[in-house]
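**Student:** I would like to see how this sequence folds:
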Amino acid sequence: MQAPDFNLPDQDGNMHSLKDYAGKWLVLYFYPEDDTSGCTTEACNFRDAREVIAELSGAQVVGISKDSVESHKKFTDKYSLNFTLLSDESHKTIEAYHSWGVMMANRNTFIINPEGEVAKEYNGVEPSEHAGEILKDLKQLQTGTN
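**Tutor:** A predicted model of the protein is given here:
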């Protein structure tokens with residue numbers, strides 16, 4: 001399945017679209033809200049694993065929620081997050097990825113391959129274990145092993 005395109009601002013107000021990641025692996029994760037318990041756990045685990053994910057797979061990590069650019073900026077600064085957070089206040093992108101729940105994004109993740117196709121989808125992830133799961137699955141997807 002082709003990944004839905006997006007055009008959203010990051011925590012610094014810079015615009016990002018799916019084509020910016022063409023030719024690269026992308027870990028696109030949706031989460032409910034900045035600076036809440038589960039979302040902070042998930043973000044900090046991605047922060048801590050980001051360098052390993054990039055080294056082993058070349059993948060970029062990008063988070064999306066309905067929170068504002070300003071909220072994302074405070075969240076990234078508070079926890080020294082080293083990856084991009086995109087603001088989808090209209091939740092159109094969240095909906096395009098079938099990740100909109102009741103009033104907020106569901107905790108879903110998509111691994112998108114260099115051709116812009118969804119290679120793996122995760123629904124309702126466990127925040128404390130998810131970064132490790134992503135790393136393992138990226139390795140398998142790239143090598144074609146189980």
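
**Student:** in this structure, which spans are helices?
**Tutor:** Under the criterion DSSP state H, the chain contains helices at 37-57, 69-79, 92-96, 130-143.

**Student:** buried sites along the second one?
**Tutor:** Taking 16 or more other C-beta atoms under 10 Å as the basis for neighbour counts, the residues of helix 69-79 that come out buried are V69, S71, H72, K73, F75, T76. (C-beta placed from N, C-alpha, C; glycine too.)

**Student:** before we move on, the earlier item: possible to save the helices of the chain as JSON lines with mean pLDDT and distance to Y29?
**Tutor:** Listed next are these as JSON lines, based on pLDDT from 0 to 100; distance: least, C-beta to C-beta, whole Å:
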{"stretch": "helix 37-57", "mean pLDDT": "91", "distance to Y29": "7"}
{"stretch": "helix 69-79", "mean pLDDT": "97", "distance to Y29": "13"}
{"stretch": "helix 92-96", "mean pLDDT": "97", "distance to Y29": "11"}
{"stretch": "helix 130-143", "mean pLDDT": "89", "distance to Y29": "8"}
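
**Student:** Save these as CSV, and put in distance to K19 too.
**Tutor:** Below are those laid out as CSV (distance: least, C-beta to C-beta, whole Å):
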stretch, distance to K19
helix 37-57, 20
helix 69-79, 21
helix 92-96, 14
helix 130-143, 21
